[in-house]
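1. whatever this is, show me its structure:
(chains A and B)
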Amino acid sequence: MASATGSAGKVWRCSSNIAVDTQQCPTYLQRWLRYSPPLRPNKTKEHIMSHSQALKQLDREQRLYRIRHSTAHVMAEAVLREFPEAKIAIGPPIDNGFYYDFDLPRSLTPEDLRRIEEHMREIIGEDHTFERSATTRERARERFADQPYKLELLDGIEPGEEVSLYTQNTFTDLCRGPHVESTKDLNAKAFKLLSIAGAYWRGDEQQKMLQRIYGTAWETPKELRQHLDHLAEVEKRDHRRLGRELDLFSTHEEAGPGLIYWHPNGARIRLAIEDYWRAEHLSNGYELLYTPHVGKSWLWETSGHLEFYSENMYSPMELDNAEYYTKPMNCPFHIMIYQTHTRSYRDLPLRWGELGTVYRYERSGVLHGLLRVRGFTQDDAHIFCTPDQIEEEIREVLRFSLQVWDDFGFTDIKAYLATRPEKSVGDDADWDKAISSLTKAIDREGLEYEVEEGGGAFYGPKIDLKIKDALGREWQMTTIQFDFNLPERFGMTFVDRDGKEKRPYMVHRALLGSLERFFGVLIEHYGGAFPVWLAPVQAVVIPVAPAFNDYADRVKRELVSAGIRANADLSDARMNAKIRAAQQRKVPYMLIAGENEQESHQVSPRLRTGEKEDAQAVAEFIGRVRQRAAAKALI
RNA sequence: GCCAGGAUAGCUCAGCGGCAGAGCAGCUCACUCGUAAUGAGCAGGUCGAGGGUUCGAUUCCCUCUCCUGGCUCCA
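-> Alright, predicted model coming up:
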């Protein structure tokens, strides 16, 4: 699945005034569960409760956690049946399922998965209990003498610490638990093995590549089916598939992977996005810039990119005995403009935005449709201000950002505040002030947030916003980053009211992130059925028969001159086929034009929702589309 | 980059040592037709690239390119 979650730091706090949604906060959940006691049936004299009853008393997330964890153990047992020589690594529950990593003598095939599933169903049917036992680290070392990965895990445990083992049937695992009481608490019809993937031991490229089996597990077959349906829906909305079907964009391996070609339909949408973006920035106190695409090495040496970021930069071009680099970021160019004047405190704050196209070298294995590319346009902006202004500026950026997300139809937004990492530059006082202004801004906007302690960049703290799409997936989009590094490196100053030169604060911020990536998320969010203001084609005029082609074409021209993106389908297909074609392209309005309409200068709208409307005057329809587009309505 | 799986017509896919296939899309022709596919015909492929095995390779082997799923949600 296309996942957009960035590297998550350690979560130590969830906003206290908002209930923790465990689905949104898996790390928190796992932490909580880790320290919750293993499940025991309540065996008092007065009240003998079966295990299943005890399981039912837990809340749903905890039950699923145990079911998934236990299913992972059952899978490991099944894999050992198939491959007695297998070395087992780790097998945790994850969102919607579980995985287990194995070191196997050969590569797994889909056929193996079917057999492993068979074994699992057998084991589950045999009603084995999950027995917890405690032992010492040394005992455990003997127990797992032939399991090198388990030994390595044991090395990470304090010598005196108690080690817990869980056993079901023939399989014992080093495991913290908790588990269900017995395999009969698992439903043999509510799990499925989904995929095989390579995964480095401990996620480290230097370590051995293991084989990971991903599975999903639920309480009931119905839930499993719903989850599989959800996966099918995700697949149907895949922006790469819709990009082809709706003729929005393409990539070309022969012309360079990870580089996006926007087709006319995609470009229409991008134009709508950019027009909106520019208008909103100008009316929210920004000035807009255009800067070059390449710069001499001096620029990148000064900025530090060559030192810290060169892996991601395109190789230099040699011209006139100088090396020029294609830009991976816009910031140094904006600073060049800043430096063209002596800046007074009266000039600040400066809010400078640019739709700046940058190129970054991404390893070929990570490229993915529009979501991970090598060339993209950032909706970048830099704010230069005095320390006094910073709080207000941050608040303003955050407010503006939320307004933009609302306009694009995203209302479920969460903030992540990343604080100072160990290796970093800048004064403590600056960091404290910056973090405090970020926190105040989040509080002011009433956003739910988490703190990623030490998760900031070395040059400053940041707020990232994650938006939730129509399928409930989170995407990290907006980033608001302080930078204590570049002003220093470029020696930026402003003259304060006391006549002294001082260092301005600098904030980088991208709201949509990259237009390419945002486009991908937008396509999936709307499943290709864009709201009227973004739809590449807003209306198609469909004549009932060839005799009305002229009228249909006249209506189309009228719509186009009224600023509506309209086509007339004058092909020799039947009306029904034209409707079907427009429907599949997810055009919001189909306008049926026949004899009745022609006589009264009307059209009969059919919405892509399937709704049919009575004939109405063309002028009336124009007014309606304008109104719906202005309201940013879906249709 | 690494592991696994892919790459056959514009798209979705079948074929897997012996003449390269289907549906949709495209093109042509016919059809006077009211809310999700009118019919007939035509055209379309160095079977991702390069090398090898073979009488013969889209098919088997090797190399490369690209695509897809993954590569700590840490016992």
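2. strands of the stretch 501-635 of chain A, residue ranges please.
-> Secondary structure of the stretch 501-635 of chain A (DSSP state E, counting those that start in this stretch): strands at A:501-502, A:505-514, A:539-543, A:566-568, A:589-593, A:602-607, A:616-617.
3. nearest to residue A:164, out of these?
-> Residue A:164 lies closest to strand A:505-514 among those, at 43.2 Å (C-beta to C-beta). Glycine gets a C-beta too; all of them are placed from N, C-alpha and C.
4. starting at the chain centroid, how far to the closest one?
-> 17 Å (C-alpha atoms, centre = their mean, to the nearest Å).
5. need the residues that contact that strand.
-> A:273, A:277, A:331, A:373, A:376-387, A:389-390, A:393-394, A:397, A:400-401, A:404-405, A:434, A:476-484, A:486-487, A:492, A:518 (C-beta atoms under 8 Å, 6 or more residues apart in numbering).
6. output it as PDB, nothing but the C-alphas.
-> Only the C-alpha atoms of strand A:505-514 are listed here, as PDB (Å, rounded to 0.1, in the frame of the first residue of the first chain):
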ATOM      1  CA  TYR A 505      14.600  34.300  11.900                       C
ATOM      2  CA  MET A 506      13.900  32.100   8.900                       C
ATOM      3  CA  VAL A 507      11.100  29.700   8.400                       C
ATOM      4  CA  HIS A 508      10.700  27.300   5.500                       C
ATOM      5  CA  ARG A 509       7.200  26.100   4.800                       C
ATOM      6  CA  ALA A 510       5.500  24.000   2.200                       C
ATOM      7  CA  LEU A 511       1.700  23.600   2.500                       C
ATOM      8  CA  LEU A 512       0.900  21.100  -0.200                       C
ATOM      9  CA  GLY A 513       4.500  19.800  -0.200                       C
ATOM     10  CA  SER A 514       5.100  18.900  -3.800                       C
END
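7. what strands line up against it, and which way round?
-> Take DSSP bridges as the rule and strand A:505-514 pairs in its sheet with strand A:375-385 (antiparallel), strand A:474-482 (antiparallel).
8. roughly how far out does the longest one sit from the chain middle?
-> Computed by C-alpha atoms, centre = their mean, the separation of strand A:375-385 from the middle of its chain amounts to 20 Å.
9. tell me the first helix or strand C-terminal of it.
-> Downstream of strand A:375-385, the first helix or strand assigned by DSSP states H and E is helix A:390-407.
10. where does chain A dip in pLDDT?
-> Low-confidence segments of chain A, defined by pLDDT under 70: A:1-57.
11. kindly list the longest helix within it.
-> If you go by DSSP state H, chain A has its longest helix at helix A:60-82.
12. just the CA trace of the helix or strand hosting residue A:113, in CSV.
-> Assigned by DSSP H and E, residue A:113 falls within helix A:110-125. These are the backbone C-alpha positions of helix A:110-125, laid out as CSV (Å, rounded to 0.1, in the frame of the first residue of the first chain):
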residue,chain,number,x,y,z
PRO,A,110,2.7,-17.8,-3.4
GLU,A,111,2.2,-21.6,-3.4
ASP,A,112,4.1,-21.7,-0.1
LEU,A,113,1.7,-19.2,1.4
ARG,A,114,-1.2,-21.4,0.6
ARG,A,115,0.4,-24.3,2.3
ILE,A,116,1.3,-22.3,5.3
GLU,A,117,-2.2,-21.0,5.6
GLU,A,118,-3.4,-24.7,5.5
HIS,A,119,-1.1,-25.6,8.4
MET,A,120,-2.3,-22.5,10.3
ARG,A,121,-5.9,-23.5,9.9
GLU,A,122,-5.1,-27.0,11.2
ILE,A,123,-3.2,-25.6,14.2
ILE,A,124,-6.0,-23.1,15.0
GLY,A,125,-8.5,-26.0,14.8
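13. taking helix A:60-82 as reference, get the angle to that helix.
-> Put simply, helix A:110-125 runs at 110 degrees to helix A:60-82, going by axes from the mean of the first three to the mean of the last three C-alpha atoms, to 10 degrees.
14. go through helix A:110-125 and flag the buried ones.
-> Using 16 or more other C-beta atoms under 10 Å as the test for burial, helix A:110-125 gives A:112, A:113, A:116, A:117, A:119, A:120, A:121, A:123, A:124.
15. leaving out the residues flanking it, which one is nearest to the third one?
-> Beyond its immediate neighbours in the sequence, the residue positioned closest to residue A:116 (C-beta to C-beta, 6 or more residues apart in numbering) is residue A:78, lying 4.7 Å away.
16. so the one you found touches residue A:119, yeah?
-> Yes. With contact defined as C-beta atoms under 8 Å, residue A:78 counts as touching residue A:119 (3.5 Å).
17. what's stretch A:338-355 in contact with?
-> Here stretch A:338-355 makes contact (C-beta under 8 Å, 6+ apart) with A:274, A:277, A:281, A:285-291, A:330, A:334, A:337, A:377-386, A:389, A:393, A:490, A:492-497, A:504, A:515.
18. one more time with 6 Å
-> Around stretch A:338-355, the neighbours that count as contacts under C-beta atoms under 6 Å, 6 or more residues apart in numbering are A:281, A:285-289, A:330, A:334, A:377, A:379-386, A:389, A:393, A:494-497.
19. the residue in the stretch 301-450 of chain A positioned nearest to RNA strand B and residue A:115, how far apart?
-> Per C-beta to the nearest atom of the strand, residue A:365 is where the stretch 301-450 of chain A lies closest to RNA strand B, at 2.3 Å. Distance, residue A:365 to residue A:115, using C-beta to C-beta, to the nearest Å: 29 Å.
20. and residue A:147, by the same measure?
-> 22 Å.
21. residue A:481 - nearest residue in space that isn't next to it in sequence?
-> Take residue A:481 and drop its neighbours on the chain: the residue closest to it by C-beta to C-beta, 6+ apart is residue A:462, 4.0 Å away.
22. tell me who's in contact with the one you found.
-> Applying C-beta under 6 Å, 6+ apart to residue A:462 gives the contacts A:418, A:456, A:479, A:481.
23. who wins for proximity to residue A:183 among the strands of the stretch 501-635 of chain A?
-> Nearest of the strands of the stretch 501-635 of chain A (C-beta to C-beta): strand A:505-514, 45.3 Å.
24. next, the angle from that closest one to helix A:390-407.
-> If you take the same axes, to 10 degrees, strand A:505-514 sits at 10 degrees to helix A:390-407.
25. quickly list what whatever residue of the stretch 1-150 of chain A ends up closest to RNA strand B is bridged to.
-> Residue of the stretch 1-150 of chain A nearest RNA strand B, by C-beta to the nearest atom of the strand: residue A:94 (3.3 Å). Here residue A:94 sits in beta bridges with residue A:97, as judged by DSSP bridges.
26. ok, back up a step: identify the bridge partners of the residue nearest to residue A:481.
-> residue A:418, residue A:481.
27. what sits closest to the residue of the stretch 451-600 of chain A found nearest RNA strand B if chain neighbours are left out?
-> Nearest residue of the stretch 451-600 of chain A to RNA strand B (C-beta to the nearest atom of the strand) works out as residue A:594 at 2.5 Å. Distances taken as C-beta to C-beta, 6+ apart put residue A:544 closest to residue A:594, at 3.4 Å, once the chain neighbours are dropped.
28. ok, now residue A:398?
-> residue A:441 (4.7 Å).
29. tell me if that neighbour really is in a strand.
-> No. Assessed with DSSP: H, G, I helix; E, B strand; the rest coil, residue A:441 is helix; it does not lie in a strand.
30. let me see the contact set for it.
-> Taking C-beta under 6 Å, 6+ apart, we find residue A:441 in contact with A:394, A:395, A:398.
31. and the gap between the last one and residue A:536?
-> Using C-beta to C-beta, one obtains 31 Å as the distance from residue A:398 to residue A:536.
32. is the longest helix of chain A in proximity to RNA strand B?
-> No. Using C-beta under 7 Å from any atom of the strand, helix A:60-82 stays clear of RNA strand B, with a minimum separation of 9.0 Å.
33. and the contacts of that helix?
-> Counting by C-beta under 6 Å, 6+ apart, A:22, A:33, A:55, A:86, A:88, A:91, A:93, A:97-98, A:100, A:102, A:116, A:119-120, A:123, A:171, A:173, A:178-180, A:186, A:191, A:217 sit against helix A:60-82.
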